[in-house]
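**Student:** Predicted model follows, preceded by the sequence.
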Amino acid sequence: PAGRGEGVSMIVTSAMRKATASGIFSYNAPRVSMLTPSNAPTRAARLLTVYFGLNLGGNDHTVMASIGNTPSENTVWTSDSAVLVMAPAGRGEGVSMIVTSAMRKATASGIFSYNAPRVSMLTPSNAPTRAARLLTVYFGLNLGGNDHTVMASIGNTPSENTVWTSDSAVLVMAPAGRGEG
């Protein structure tokens, strides 16, 4: 019969005799076929629709989702082929999503991305050619939370040091160099 779940028990009756086997049968796990939209801002939550090609099953009030390692704030079953997911704040490109329904996990690798950061201002906007100079780079959108792995380059030259200071700014030690642009 139609159903969903893992480790489902089976009862067979023959000539008024019952045979029971616990946890012997599993339905196939759901498969994600599409996600819309496939991106979101780093700070704000965005409502996503996850479509399933197969095996989501009937109404499930226990459906859960996570993007990367962060659980969704809210996940709602909407039909036997879709759920709504409130994307949590985060950052990254090609992030995986896991949706759990009736104890079965659907994993969609690299299906989601957070929007890239956008530089809004740089101070100062110039530096001497022979000495390194400390710059503050301000971001209007999408820098995201505390990141100890932030890196910067001026042209093709990596900065000597880059430090995350807030969700909207980093400090960059610009290397000595030349050029304009």
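**Tutor:** Everything's here; your move. Numbers count the residues shown, from 1 in each chain.
**Student:** Could you list the low-pLDDT ranges of this protein?
**Tutor:** 1-7, 44, 55, 57, 178-181 (pLDDT under 70).
**Student:** And the spatially most central residue of the chain, how far from Gly23?
**Tutor:** With distances taken as CA atoms, centre = their mean, the residue of the chain nearest its centroid is Ile67 (3.5 Å). Distance from Ile67 to Gly23, counting by CB to CB, to the nearest Å: 31 Å. C-beta here means a position set from N, CA and C on the backbone, and glycine is covered the same way.
**Student:** which strand of this structure spans the most residues?
**Tutor:** strand 104-114 (DSSP state E).
**Student:** Can you give me the buried ones in that strand?
**Tutor:** Arg104, Ala106, Ala108, Ile111, Phe112, Tyr114 (16 or more other CB atoms under 10 Å).
**Student:** Dump these into CSV; add distance to Thr123 as well.
**Tutor:** Output for the buried residues of strand 104-114, formatted as CSV (distance: CB to CB, whole Å):
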residue, distance to Thr123
Arg104, 52
Ala106, 47
Ala108, 41
Ile111, 38
Phe112, 34
Tyr114, 26
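**Student:** excluding its backbone neighbours, what's nearest Arg43?
**Tutor:** Once flanking residues are discounted, Arg43 sits nearest to Ala89: 5.5 Å by CB to CB, 6 or more residues apart in numbering.
**Student:** got it, and Ala131?
**Tutor:** In space, Ala131 is closest to Ala176, 5.8 Å off (CB to CB, 6+ apart).
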